[in-house]
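**Student:** coordinates only, no sequence provided:
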């Protein structure tokens with residue numbers, strides 16, 4: 001792994017190593033490249049390293065989605081019936097009966 005190494009230095013070193021070299025900010029001479037996916041998808045904010053290339057801007061879409069989710073939860077629009085599990089009526093009645101007995105002090109019923 002070569003990180004934050006000038007490309008000219010990587011070009012000199014990589015052929016001499018005799019192993020697979022992964023670069024992050026070390027130019028194109030490495031055998032492979034890695035970027036933090038938050039950086040390459042544009043999910044972060046603030047300082048961006050010189051070697052980062054943003055291939056998408058998902059941050060604004062993520063903020064939009066998270067805000068919409070929070071609004072839906074606050075307004076009790078989500079979860080709706082189609083987003084929940086159901087229980088057959090007879091099993092629900094049985095559970096209600098058992099819970100009623102527990103509240104009477106009979107947890108083993």
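**Tutor:** Right, received. Where do you want to start? Just so it is clear, the structure is predicted and the values come from calculations on it, not from any experiment. Residues are numbered from 1 along each chain as shown.

**Student:** run through the protein and note the low-pLDDT ranges.
**Tutor:** 102-109 (pLDDT under 70).

**Student:** need the contact list for the spatially most central residue of the chain.
**Tutor:** The centroid of the chain falls nearest to residue 38 when counting by C-alpha atoms, centre = their mean (9.2 Å). Residue 38 sits next to residue 44 when contact means C-beta atoms under 8 Å, 6 or more residues apart in numbering. In short, each C-beta sits where N, CA and C put it, glycine included.

**Student:** could you measure from it over to residue 44?
**Tutor:** Distance of residue 38 to residue 44, given as C-beta to C-beta, to the nearest Å: 5 Å.

**Student:** equivalent analysis for residue 91, please.
**Tutor:** According to C-beta to C-beta, residue 91 and residue 44 sit 47 Å apart.

**Student:** neighbour-wise, which of those two wins?
**Tutor:** The neighbour count for residue 91 versus residue 44, taken as other C-beta atoms under 10 Å, is higher for residue 44 (14 against 10).

**Student:** ok, the more buried one - contacts?
**Tutor:** Neighbouring residues of residue 44 by C-beta under 8 Å, 6+ apart: 38, 59.

**Student:** in what helix or strand does it lie?
**Tutor:** Under DSSP states H and E, no helix or strand contains residue 44.

**Student:** that older thread, mind checking which helix or strand the residue nearest to the centre of the chain is in?
**Tutor:** helix 37-40.

**Student:** now do the buried residues in whichever helix or strand comes after that helix.
**Tutor:** Heading C-terminal from helix 37-40, the first helix or strand you meet, by DSSP H and E, is helix 59-74. For helix 59-74, a neighbour-count test (16 or more other C-beta atoms under 10 Å) marks nothing as buried.
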